[in-house]
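**Q** Next comes the sequence, and after it the predicted model I'd like to discuss.
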Amino acid sequence: MGSITARKGADGKVNYRAAIRINRKGFPTFSESKTFHSKKLAENWVKKREVEIQENPDILLGKEKLIDLTLSDAIDKYLDEVGSEYGRTKRYSLLLIKKLPIARNIITKIKSVHLAEHVALRKGGVPHLELEPIATSTQQHELLHIRGVLSHAAVMWEMDIDLNGFDKATAQLRKTRQISSSQKRDRLPTFEELESLTGYFVRKWNQSCYSYPMHLIMWFAIFSCRREAEITRMQLGDYDEDNKIWNIRDLKNPNGSKGNHKEFSVHEDCQQFIHLLLDEEVRNRMLKRGYDENLLVPLSPKTIGSEFRNACRLLGIDDLHFHDLRHEGCTRLAEKGMTIPQIQQVSLHDSWSSLERYVSVKVRKKIIGIDRILKLIA
């Protein structure tokens with residue numbers, strides 16, 4: 001009745017898909033599946049689910065009653081139903097929440113005190129999970145992710161969830177500044193920081209065993225205005241070199257990333273780094289990692305982020321994130337005199353309000369031009 005299938009993901013990790021299919025006389029064909037990170041968990045789920053169906057055959061008719069569903073179980077069910085519609089960040093956040101005490105609560109019984117306890121816990125950090133204290137804006141994002149699950153449960157599973165009480169609690173937490181909206185960030189890398197990072201990554205690349213051309217990825221991120229996750233999803237077949245456009249699949253969007261495909265304009269500086277990333281030696285060294293050869297950058301976005309953070313730490317560069325390279329790229333476009341619509345054709349921001357945080361109004365005296373960059377990476 002149940003089966004386990006191993007599947008290797010794009011990141012090289014093996015997941016296990018547990019599936020149940022039942023053809024019982026007098027009942028419609030029933031099928032259900034769930035994915036786990038270990039074979040043992042998948043086997044345990046199949047056994048547990050078979051017992052539940054044996055004890056409650058109405059499940060085969062789609063009449064399963066959700067009683068005493070914990071937030072942890074609700075997150076699993078939510079991700080099974082709609083998880084594919086959202087990006088890696090939201091999924092990661094929900095899976096992290098599953099490890100925290102609030103996830104053990106029955107969702108129909110989650111009260112303001114549970115939210116306050118969760119915020120206090122995250123504010124102080126969770127040493128046994130190696131979780132550092134998080135910012136008030138991140139706190140707010142976590143609560144919004146939890147609310148999304150509860151709202152789905154209320155509407156789609158017809159569960160008695162006190163969303164009004166949840167909203168009152170978050171409003172009070174916001175009023176007392178325990179949670180807050182994200183602050184606008186205007187951090188740009190300096191001339192010296194970009195030179196230092198480029199030199200550091202060139203030295204690492206010159207070690208023949210190293211397979212991450214961060215000196216190229218870093219500048220490609222700037223000239224393309226792309227996030228690291230987008231860079232590692234870019235399919236070579238989606239590049240229209242004649243018209244200088246590249247289709248980005250599943251672009252990050254608050255309303256869901258799945259199917260949100262958009263084309264961005266590839267400018268001359270960006271083209272040069274595409275050609276450098278397609279160099280035979282560069283390709284061969286990247287492909288040693290075992291990722292899809294149809295990708296422009298067949299590497300792990302997590303490792304790219306980690307490499308950038310480690311470089312900043314070793315070079316003594318404070319408070320600079322890989323995402324700030326996108327900010328740098330948008331700012332460079334503005335400094336060239338491009339209009340907002342022209343910048344949006346590259347950055348793919350939907351509106352000026354979302355784009356303005358990336359465009360600095362400061363006048364910069366020192367900017368590394370393309371000729372200097374090419375000399376540094378030579």
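**A** Nice, I can see it. Please read these numbers as outputs of a predicted model, since none were measured by experiment. Residues are numbered from 1 along each chain as shown.
**Q** Can you find the helix or strand of this structure with the lowest average pLDDT?
**A** One helix or strand of the chain scores below all others by mean pLDDT, DSSP states H and E: helix 352-355, with a mean of 72.
**Q** what packs against that one?
**A** The contact analysis (3 or more CB pairs under 8 Å, 6 or more residues apart in numbering; DSSP states H and E) places helix 352-355 against helix 340-347. Just so you know, the C-beta spots here come from the backbone N, C-alpha and C atoms, and that holds for glycine as well.
**Q** In the helix it packs on, which residues are buried?
**A** For helix 340-347, burial by neighbour count (16 or more other CB atoms under 10 Å) applies to 340, 343, 344, 345, 346, 347.
**Q** Can you lay out the residues you listed as TSV showing pLDDT and distance to residue 268?
**A** Listed next are the buried residues of helix 340-347 as TSV, based on pLDDT from 0 to 100; distance: CB to CB, whole Å:
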residue	pLDDT	distance to residue 268
340	83	21
343	90	16
344	90	19
345	92	14
346	93	12
347	91	17
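**Q** ranges for the strands of the stretch 101-250 of the chain?
**A** Along the stretch 101-250 of the chain, counting by DSSP state E, counting those that start in this stretch, strands occupy 239-240, 245-248.
**Q** Mind listing the strands the longest strand seen in the chain pairs with, and their directions?
**A** Looking across the chain with DSSP state E, the single longest strand is strand 14-22. The sheet places strand 14-22 alongside strand 2-8 (antiparallel), strand 30-36 (antiparallel), with pairing taken from DSSP bridges.
**Q** on that earlier part again, show me what the following helix or strand past the least confident helix or strand of the chain is packed against.
**A** The helix or strand immediately downstream of helix 352-355 is helix 370-377, counting by DSSP states H and E. With contacts defined as 3+ CB pairs under 8 Å, 6+ apart, helix 370-377 has these neighbours: helix 191-205, helix 214-224, helix 268-277.
**Q** coming back round to it: most packed of the strands of the stretch 101-250 of the chain?
**A** strand 245-248 (a mean of 19; mean count of other CB atoms under 10 Å).
**Q** and that one, what's its mean pLDDT?
**A** Here strand 245-248 scores 94 as its mean pLDDT.
**Q** and the next helix or strand after that strand, what other elements does it pack with?
**A** Sequence order places strand 262-265 as the next helix or strand after strand 245-248, per DSSP H and E. Using 3+ CB pairs under 8 Å, 6+ apart, the elements in contact with strand 262-265 are strand 245-248, helix 340-347.
**Q** Tell me how far residue 56 lies from residue 49.
**A** Residue 56 is 11 Å from residue 49, where distance means CB to CB, to the nearest Å.
**Q** The two: which has the busier surroundings?
**A** Shown here are residue 56 and residue 49; by other CB atoms under 10 Å, residue 49 has more neighbours (17 against 12).
**Q** Would you mind confirming that the more buried one makes contact with residue 19?
**A** No. Using CB atoms under 8 Å, residue 49 is not in contact with residue 19, being 10.3 Å away.
**Q** max-length helix in the protein?
**A** helix 136-156 (DSSP state H).
**Q** chain center to it, what's the gap?
**A** 17 Å (CA atoms, centre = their mean, to the nearest Å).
**Q** how about the CA coordinates for it, as CSV?
**A** Extracted as CSV, the C-alpha positions of helix 136-156 are listed here (Å, rounded to 0.1, in the frame of the first residue of the first chain):
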residue,chain,number,x,y,z
THR,A,136,12.6,42.7,15.4
SER,A,137,11.9,42.8,11.6
THR,A,138,12.7,39.1,11.3
GLN,A,139,10.5,38.4,14.3
GLN,A,140,7.6,40.1,12.4
HIS,A,141,8.3,37.9,9.3
GLU,A,142,8.2,34.7,11.4
LEU,A,143,4.8,35.7,13.0
LEU,A,144,3.5,36.5,9.5
HIS,A,145,4.6,33.0,8.3
ILE,A,146,2.8,31.5,11.3
ARG,A,147,-0.3,33.5,10.6
GLY,A,148,-0.3,32.3,7.0
VAL,A,149,-0.5,28.7,8.2
LEU,A,150,-3.2,29.5,10.7
SER,A,151,-5.2,31.4,8.1
HIS,A,152,-5.0,28.5,5.6
ALA,A,153,-6.1,26.1,8.4
ALA,A,154,-9.1,28.3,9.2
VAL,A,155,-10.3,28.7,5.6
MET,A,156,-9.2,25.4,3.8
